[in-house]
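In: here is my input, please return the structure:
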Amino acid sequence: MADLPYLRKLLSDAWVDEQIFSERPVHLLGRWQKKNANNPWVGYTEELAKVILTSERVKFSVEVLAQKLKEDYVPTLAEMESTVFLIRQGFEVTVEPYAPEKGPDLRADSDGVAYFVEVRAVGFSEEEERVDLVTKEIFTRLNTVPSSYHVDVKFGEEYTPNTPELGRAIDSVLESLEYLKNEQPKRATLYYLSPEKAMLTPGGDFHASFAPHTERQKLYKEIAEKAQFVARFNHLGAVKKGTAASASRQLKLPPEPLKTHERLKKILKKKKNQLPKTCRRSPGSRACCFSACAGS
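Out: Down below sits the predicted model:
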């Protein structure tokens, strides 16, 4: 595997030496190789490249495939997997048949019928990506602040990454840590509704066991019930270099079904509209076909 003749033919000797076998590789293939010289992914990519470069059943642009493999490895790997799979099933495959125009990833021909294939690598849904990025932003901010607390954050759907709303909510957590540094209760909870409506309750969660009579009591109840950003603090004892944290989204009640398939349907519909009109489905014809293939 060390020689990688087919990846060298596709990507060039200089690129392979610099990006896969150098001391500080940047490309994902090189990072895997650096971590483990016997990792499966470099050899797997070499095998896919070998089939594509040596098969008479595939048409493709070496320059385009090489550029995509360098810049967007995981989705391109999924396209290569699909190409090799179709070749082995006896199809004649054209990679990006309408390049440089937009269109499906592959055209696969069999018995005079052309099938158009759109390849999608499995990844985060838009909602999962939002949660992941918000969580990373919370962790990044808290990791720089020494404290003796673990903070468990739950946030609602109105919080998105790199926004003033999220920044102000995290600011409120940091202000709470500064206050708790002096008081040091074992537990505390921050209910954050806005900069003007935030409430820290040393001792744990807020319980409105009494009927609120004063305006202040009514305000506390409103904040606790409506807060879309809640942080619970648990005292750990010794001060750590950074604040330990966990984070998750608030679940809706009742739960709502996931609709991630709707995103895929929109992508396929858009790709369908990029096909020549002669390829569209019509009554009595043998239609072109779209498939969604999951990559590694």
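In: the helix or strand hosting Tyr6 packs against which elements?
Out: Taking DSSP states H and E as the definition, Tyr6 sits inside helix 5-11. Contacts defined by 3 or more Cβ pairs under 8 Å, 6 or more residues apart in numbering; DSSP states H and E place helix 5-11 against helix 13-19, helix 40-54, helix 62-71. C-betas here are computed from N, CA, C, even on glycine.
In: chain center to the shortest one: distance?
Out: The chain centre lies 28 Å from the centre of helix 13-19; the measure is Cα atoms, centre = their mean, to the nearest Å.
In: show residues contacting it.
Out: With contact meaning Cβ atoms under 8 Å, 6 or more residues apart in numbering, helix 13-19 is reached by 4, 7-8, 11, 25-27, 29-30, 70.
In: ok, now with 7 Å
Out: 4, 7-8, 25-27, 29-30, 70 (Cβ atoms under 7 Å, 6 or more residues apart in numbering).
In: ok, which stretches of this protein are strands?
Out: Using DSSP state E, the strands of the chain run over 58-59, 92-95, 106-110, 113-121, 147-155, 187-194, 197-202, 229-240, 244-249, 292-295.
In: go through those and name the closest to Leu177.
Out: Ranking the strands of the chain by distance to Leu177, with Cβ to Cβ as the measure, places strand 147-155 first at 5.0 Å.
In: so where's the stretch 51-200 of the chain shaky on pLDDT?
Out: Residue ranges of the stretch 51-200 of the chain with pLDDT under 70: 122-125.
In: ok so, going back, in TSV: the strands of the chain, plus distance to Lys34 and mean neighbour count.
Out: As requested, these are exported to TSV (distance: least, Cβ to Cβ, whole Å; neighbours: other Cβ atoms under 10 Å):
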stretch	distance to Lys34	mean neighbour count
strand 58-59	31	16
strand 92-95	29	20
strand 106-110	32	20
strand 113-121	23	19
strand 147-155	33	21
strand 187-194	42	21
strand 197-202	46	18
strand 229-240	30	16
strand 244-249	30	16
strand 292-295	23	15
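In: and Leu174, which of these is closest to it?
Out: Using Cβ to Cβ, the nearest of the strands of the chain to Leu174 is strand 147-155, at 9.4 Å.
In: counting contacts, what elements does the closest one pack onto?
Out: Contacts defined by 3 or more Cβ pairs under 7 Å, 6 or more residues apart in numbering; DSSP states H and E place strand 147-155 against helix 126-142, helix 164-183, strand 229-240, strand 244-249.
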